[in-house]
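In: Need coordinates for the below:
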Amino acid sequence: MFFIKEIPESERPRERLCKYGPSKLSNVELLAILLQTGTKTYSVIELSKKLLYKLDSLSSFNDITMAELTSIEGIGIAKASSVIAALELSRRVFDQMIEKRPQIGSAKDIYERFKTTLDKLDQEHFYTVYLDTKNQIIAEKLIYIGTLNQSVIHPREIFRHAVKVSAYGVIFVHNHPSGDTTPSQADIKATHQLEMSGSIMGIQIIDHIIIGKKECYSIKENQKYHF
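Out: Below is the predicted model of the structure:
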């Protein structure tokens with residue numbers, strides 16, 4: 001057994017949090033900060049490990065109760081309360097973030113969102129917008145800068161991120177610096193390639209929208225370019 005005071009001060013969880021930020025801390029270190037202190041038997045680090053080993057995964061924290069926490073040796077009401085309160089606060093933050101996610105109902109919504117970013121650029125920029133089942137935006141990612149070609153748009157990068165953020169569907173967005181939103185053959189071929197990859201991955205391709213000068217073009221809404 002060792003105690004937190006035996007760890008060099010610069011390597012203690014709280015000091016590491018202040019120096020490097022929370023993303024650099026392990027699950028054990030983050031939990032140790034919540035628990036604050038150990039017991040006569042366990043250091044706070046050992047107590048954190050003991051709690052984590054009791055769980056199948058981090059997601060098990062979603063369902064853990066006060067009674068389950070206090071049944072673990074070394075965790076009393078005070079420590080259990082800190083953990084339960086932190087979990088509830090994180091749930092509320094997450095719920096509020098979901099409520100504020102912009103919802104996409106049409107190509108116009110995408111145009112309004114991207115027009116100031118894209119309509120004055122002198123190079124093509126290709127973005128992917130990742131959506132949940134309610135067509136709310138989860139994330140946006142710049143994939144490529146340059147003339148669009150199916151050989152340079154890599155499905156693996158697009159759909160790897162889709163899996164990472166648990167996206168239901170994606171919308172592709174890119175600009176035409178000329179201002180003419182008519183899709184090129186390269187646009188259509190790239191869209192077809194991505195649609196086939198999305199079908200394999202089980203991720204819906206909702207649309208591909210081209211942004212020009214004060215207008216946009218939806219490939220989905222124009223049936224002659226159906227994919």
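In: could you pull out the strands for the chain?
Out: 125-131, 137-145, 169-175, 204-211, 216-218 (DSSP state E).
In: thinking T37 is in contact with V44, fair?
Out: Yes. Applying Cβ atoms under 8 Å as the test, T37 and V44 come out as touching, 5.6 Å apart. Yep, even glycine has a C-beta here, placed from its N, CA and C like the rest.
In: Looking at these two, which has the bigger crowd around it?
Out: V44 (24 against 12; other Cβ atoms under 10 Å).
In: and the residue nearest to L30 when sequence neighbours are not counted, how many neighbours does it have?
Out: Spatial nearest neighbour of L30, chain neighbours left out: P22 (6.7 Å); criterion: Cβ to Cβ, 6 or more residues apart in numbering. P22: 10 surrounding residues under other Cβ under 10 Å.
In: next one: the one 3 residues further on
Out: Applying the criterion other Cβ under 10 Å, we find 17 residues in the vicinity of L25.
In: what's the answer for the one 4 residues further on, then?
Out: By the other Cβ under 10 Å criterion, the neighbourhood of E29 contains 19 residues.
In: for it, what are its contacts?
Out: Counting by Cβ atoms under 8 Å, 6 or more residues apart in numbering, E29 makes contact with 13, 16-17, 45, 48.
In: try 6 Å this time
Out: P13 (Cβ atoms under 6 Å, 6 or more residues apart in numbering).
In: any idea how far it is from S23?
Out: Distance of E29 to S23, computed by Cβ to Cβ, to the nearest Å: 11 Å.
In: Mind listing what's buried along the lowest-mean-pLDDT helix or strand in the chain?
Out: Using mean pLDDT, DSSP states H and E, helix 77-99 stands out as the lowest-scoring helix or strand of the chain, at a mean of 83. For helix 77-99, a neighbour-count test (16 or more other Cβ atoms under 10 Å) marks 79-80, 82-83 as buried.
In: same thing with stretch 173-182?
Out: Applying 16+ other Cβ under 10 Å to stretch 173-182 flags 173-177, 181 as buried.
In: for those residues, which one is nearest K220?
Out: V173 (12.3 Å; Cβ to Cβ).
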